[in-house]
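Undergrad: Fold the following for me, if possible:
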Amino acid sequence: MFKFKAVKRKPLKAKRKASSGNKPGKKFYITTAIPYVNASPHIGHALEFVQTDAIARFHKLAGSSVYLTTGADENSLKNVQAAEQKGLTTQQLCDQNSALFKAFAAKIGTSNDVFLRSSSRTAHWPGVQKLWQLCVKRGDVYKKKYKGLYCVGCEALYTPEELVDGCCHEHKSNPDPVEEENYFFRLSKYQKRIAGLIESGELLVLPEAHRREALAFVKAGLEDFSISRSVARAKGWGVPVPGDASQIMYVWFDALGVYLTGVGYGTDEAKFKKWWPADMHVIGKGITRFHVVYWPAMLLSAGLPTPRSVFVHGYVTADGQKMSKSLGNVVDPVALIDKYGADVVRYYLLNEIPTFEDGDFSEARLIEKTNNELIANFGNYIYRVLSFLKSNFKGKIPKPGRLGKDDAALLKKLDGTKAAVEKAMADYRLQDAMHAVLELSVEGNRYFQANEPWKTAKSDKAKCSTTLYVAANVVRGLAALSWPFLPFSAEVLWKQLAIKEKMDGLKEVGKKRLEPGHKIGGIAPLFKKIELMEETDMQTKKKTETKTVKKTEKKMMKIEPKLIVKAAPVVASAAAVAPAKPTVTFADFQKLNLRVGRVESAEPVPGSTNLLRLMVDFGDERLQAVSGIARWYAPDDVVGKEFMFITNLERRKFMGVESQCMIFAAEEDGIPVLLTPEKQVKPGSFVH
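TA: Model (predicted):
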């Protein structure tokens, strides 16, 4: 006799107030920052690519025509230096690493329309040289000698007052002193106009803290800045300054121009007029000044419209420090995707990392969230519904009866989720939007469990049909609403539903239905549980594990057995295949004490959301069990009931609490199902 109960998860609350309005329109042009390619992509790039893509896809879902530009910033001094260190030409290094970034963008699901390399003499150089010439024509470019402190990591000049203990605040390194004659841009001329753009909201800066910071910087007084480098210092690499063969454009003047040339500036004026100005630049907080101050001034000088908004995200941190190639504390996102799948990584970045703030990466946390949220809630609900349709209705959507209160409530929840996602995305609160989608699947699981279709299939076929009709149409809604965030899974699900038309748009969610008689396609779990096993050698490190787990997690890892990944999540086949295991001799089997125990008490283990501490009566002894079932079983669900245990297993500690025996459970679609005797027996009875 099997029994299980799914525990309802508490709603995930939004942490931020609305920052801005964002009504999808006919055109939406969005960009990532254009990353340096001095090394391969790191997890910080993954965050930016995923955030940008989620915003772009949502606008598509809402009916906008969308264009997304990303690319490679190849004309920097740090690329030159990286090539020298590797014994390559700068062109070879850029060819190699730009290919990695382009492949990575596709691998993580970035729906970019163009990947533009700033070294392109045909697609980029004409436009950025045109921009330079317009600034010259306006009288905003002049030549002068100067001295300064230059950080190659930032590709920026600093005054001594801006340094922290003589070091760049971003890269913790000493800037190089430089002295030469270069071209300068009259930034000071545009101080009032830039302040006006920011204050009025004509240039929207998100979040508010970065808007205030940028405005304070502008009002403190803007100084003209250098926009070229000598050919000697640039080592001949970069875009030549028009009319002066001795100078190369400063990398930031050049790289920012990719936002223009990505939509045809200088090469395709019709395309440029269609898409410019940019509706949003998505950037990391370390380059806010370049995008909110320097870039609008350059555009004003050239007589071009300024961007409408700048979205500033935080860093993925390691021990409170930014993860970056310069600091050497990177996590390889490509390895993570290969190991777990792109949507698992996307889910973590969108759901765990605060949209506008810093957040830590932890592989242990990624595994926990995947198993306990993405699979146990989202994936489980979908597979339960579709597999039940297959086994009880031959894969066809049944004709519903009259909707009851619970049926109508779930469909209303679908409409409410659509509204919640739309509201969150209007303010670019990506984390809140992802939470809303997940909460719908939690409610779907509650509905499915409460209506018990496995019982009504025998006792009340009409009610069962209604339950499955409602549940299946919520699955359809989940496919569309999750698409901006989990595109690979959403598209697989759409195929499983066998809907021939394109993915529902936002206006169609909840209105278009799977009609009675519609037959779904082949099904399989969207995600596979990440199997974990204990590792006794606490010194062994996983290759892809970050060196920078949060301090609280570090403390926890010292107490608990360490977890290592046994199997990576994939789109599984419909039939479960038992893993091959060695044959156990009868003599070995006889060594196991398999007994029935009655649970006397149960309570959560402090500091854990997964573990329950059980006190179990075996007649002749009382033993303590620690079990990871708290997500599905409340203490009241197990107290006073009998289950099957093994009582002579090696004892282990979990979260500092010793487990003296282990409860048995079957597993169905990632959910544990505790095993209980068909009828009550004496505590301590042996199982043979």
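
Undergrad: Just checking the distance from stretch 77-90 to the centre of its chain.
TA: Distance of stretch 77-90 from the chain centroid (CA atoms, centre = their mean, to the nearest Å) equals 31 Å.

Undergrad: Flag every buried residue along that stretch.
TA: For stretch 77-90, burial by neighbour count (16 or more other CB atoms under 10 Å) applies to 77-80, 82-83, 90. Any C-beta I mention is one placed from the backbone N, CA and C, and that applies to glycine too.

Undergrad: of those residues, closest to V251?
TA: Nearest to V251 out of the buried residues of stretch 77-90 is L77 (CB to CB; 7.2 Å).

Undergrad: phi, psi of the closest one?
TA: Dihedral pair for L77: phi -70, psi -30, per degrees, to the nearest 10.

Undergrad: Quickly note the distance from it to A234.
TA: Noted for L77: a distance of 7 Å to A234, by CB to CB, to the nearest Å.

Undergrad: re earlier: now flag whichever of the buried residues of stretch 77-90 is closest to K529.
TA: For these, the residue nearest K529 by CB to CB is A82; the value is 40.3 Å.

Undergrad: Report the contact partners of that closest one.
TA: Going by CB atoms under 8 Å, 6 or more residues apart in numbering, A82 touches 38-39, 93.

Undergrad: how about JSON lines for the residues you listed, with distance to A302 added?
TA: Formatted as JSON lines, the contacts of A82 follow (distance: CB to CB, whole Å):
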{"residue": "N38", "distance to A302": "29"}
{"residue": "A39", "distance to A302": "32"}
{"residue": "L93", "distance to A302": "31"}
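
Undergrad: from those residues, which is closest to N371?
TA: Of all those, N371 sits closest to A39, with 31.9 Å by CB to CB.

Undergrad: Can you tell me the SS state at that closest one?
TA: Recorded secondary structure, A39: coil (DSSP: H, G, I helix; E, B strand; the rest coil).

Undergrad: What of T317?
TA: Applying three-state DSSP: T317 is strand.

Undergrad: Switch the buried residues of stretch 77-90 over to JSON lines; also include distance to D504 and secondary structure.
TA: Shown next, in JSON lines, are the buried residues of stretch 77-90 (distance: CB to CB, whole Å; DSSP: H, G, I helix; E, B strand; the rest coil):
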{"residue": "L77", "distance to D504": "48", "secondary structure": "helix"}
{"residue": "K78", "distance to D504": "45", "secondary structure": "helix"}
{"residue": "N79", "distance to D504": "44", "secondary structure": "helix"}
{"residue": "V80", "distance to D504": "49", "secondary structure": "helix"}
{"residue": "A82", "distance to D504": "46", "secondary structure": "helix"}
{"residue": "A83", "distance to D504": "48", "secondary structure": "helix"}
{"residue": "T90", "distance to D504": "47", "secondary structure": "helix"}
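
Undergrad: want to throw the residues you listed into a markdown table with pLDDT and distance to F643?
TA: Putting the buried residues of stretch 77-90 into a markdown table (pLDDT from 0 to 100; distance: CB to CB, whole Å) gives the following:
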| residue | pLDDT | distance to F643 |
| --- | --- | --- |
| L77 | 88 | 66 |
| K78 | 88 | 60 |
| N79 | 93 | 62 |
| V80 | 93 | 66 |
| A82 | 93 | 59 |
| A83 | 94 | 63 |
| T90 | 95 | 66 |
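
Undergrad: Okay, now the unreliable bits of this structure?
TA: 1-25, 148, 150-165, 168-173, 319-328, 532-581, 669-670 (pLDDT under 70).

Undergrad: Give me the number of neighbouring residues for R233.
TA: R233 has 16 neighbours, counted by other CB atoms under 10 Å.

Undergrad: tell me which element it is part of?
TA: helix 231-234 (DSSP states H and E).

Undergrad: just A420 next, same as before
TA: helix 405-426.

Undergrad: go on, Y146?
TA: With DSSP H and E as the test, Y146 turns up in strand 141-151.

Undergrad: Which strands or helices does that strand pack on?
TA: strand 156-158, strand 176-185 (3 or more CB pairs under 8 Å, 6 or more residues apart in numbering; DSSP states H and E).

Undergrad: Could you identify which of those is most buried?
TA: strand 156-158 (a mean of 19; mean count of other CB atoms under 10 Å).

Undergrad: Distance check, the closest residue in space to A420 that isn't next to it in sequence against G416.
TA: Excluding the flanking residues, the one nearest A420 by CB to CB, 6 or more residues apart in numbering is A436, at 4.0 Å. Remark: distance between A436 and G416 (CB to CB) = 9 Å.

Undergrad: okay, these two: which has more neighbours?
TA: A436 (24 against 16).

Undergrad: so that one makes contact with M425?
TA: No. Contact criterion CB atoms under 8 Å: A436 and M425 do not qualify, at 9.7 Å.

Undergrad: sorry, back to before: the strand holding Y146 pairs with which strands?
TA: Applying DSSP bridges, strand 141-151 is found paired with strand 156-158 (antiparallel), strand 176-185 (antiparallel).

Undergrad: how distant is the longest one from the center of its chain?
TA: Strand 176-185 sits 40 Å away from the centroid of its parent chain (CA atoms, centre = their mean).

Undergrad: contacting residues around that strand?
TA: So strand 176-185 is contacted by 135, 140-152, 157, 224-230, 233, 241, 244, 247, 250, 253, 294, 297-298, 301 (CB under 8 Å, 6+ apart).

Undergrad: what's the next secondary structure element after it?
TA: Beyond strand 176-185 toward the C-terminal end (DSSP H and E), the next one is helix 191-200.

Undergrad: same for that next one, what does it pack against?
TA: By 3+ CB pairs under 8 Å, 6+ apart, helix 191-200 packs against helix 208-219, helix 295-302.

Undergrad: tell me what the last one is packed against?
TA: Just to be clear, that refers to helix 295-302. Helix 295-302 packs on helix 125-137, strand 176-185, helix 191-200, helix 251-256, going by 3+ CB pairs under 8 Å, 6+ apart.

Undergrad: any idea how far that helix is from the chain center?
TA: In this view, helix 295-302 has its centroid 33 Å away from the chain centroid, taken as CA atoms, centre = their mean.

Undergrad: Stretch 252-260 too?
TA: So, by CA atoms, centre = their mean, the centroid of stretch 252-260 is 27 Å from its chain's centroid.

Undergrad: Can you add distance to D73 and give the strands paired with strand 141-151 back as a markdown table?
TA: As requested, the strands paired with strand 141-151 are exported to a markdown table (distance: least, CB to CB, whole Å):
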| stretch | distance to D73 |
| --- | --- |
| strand 156-158 | 13 |
| strand 176-185 | 19 |
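
Undergrad: right, and those - which one's nearest K130?
TA: So among the strands paired with strand 141-151, strand 176-185 is nearest, using CB to CB, at 15.6 Å.

Undergrad: Please export the alpha-carbon coordinates of the closest one; PDB is fine.
TA: Taking Å, rounded to 0.1, in the frame of the first residue of the first chain, the C-alpha atoms of strand 176-185 are listed here in PDB:
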ATOM      1  CA  ASP A 176      49.700  52.000 -15.400                       C
ATOM      2  CA  PRO A 177      50.900  55.600 -15.600                       C
ATOM      3  CA  VAL A 178      50.500  56.900 -19.200                       C
ATOM      4  CA  GLU A 179      51.500  60.100 -20.900                       C
ATOM      5  CA  GLU A 180      50.800  60.900 -24.600                       C
ATOM      6  CA  GLU A 181      48.900  63.100 -27.000                       C
ATOM      7  CA  ASN A 182      45.400  61.900 -27.900                       C
ATOM      8  CA  TYR A 183      42.100  63.100 -29.100                       C
ATOM      9  CA  PHE A 184      39.600  64.200 -26.400                       C
ATOM     10  CA  PHE A 185      35.800  64.400 -26.400                       C
END
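
Undergrad: Out of the helices and strands packed on helix 295-302, the one nearest I55 is which?
TA: helix 251-256 (19.9 Å).

Undergrad: Look up how far A214 lies from the residue lying farthest from the centre of the chain.
TA: The centre of the chain is farthest from one residue, D620, which by CA atoms, centre = their mean lies 51.4 Å away. Using CB to CB, D620 is found at 72 Å from A214.

Undergrad: Which one, of the helices and strands packed on helix 295-302, ends up nearest to K102?
TA: helix 251-256 (16.5 Å).
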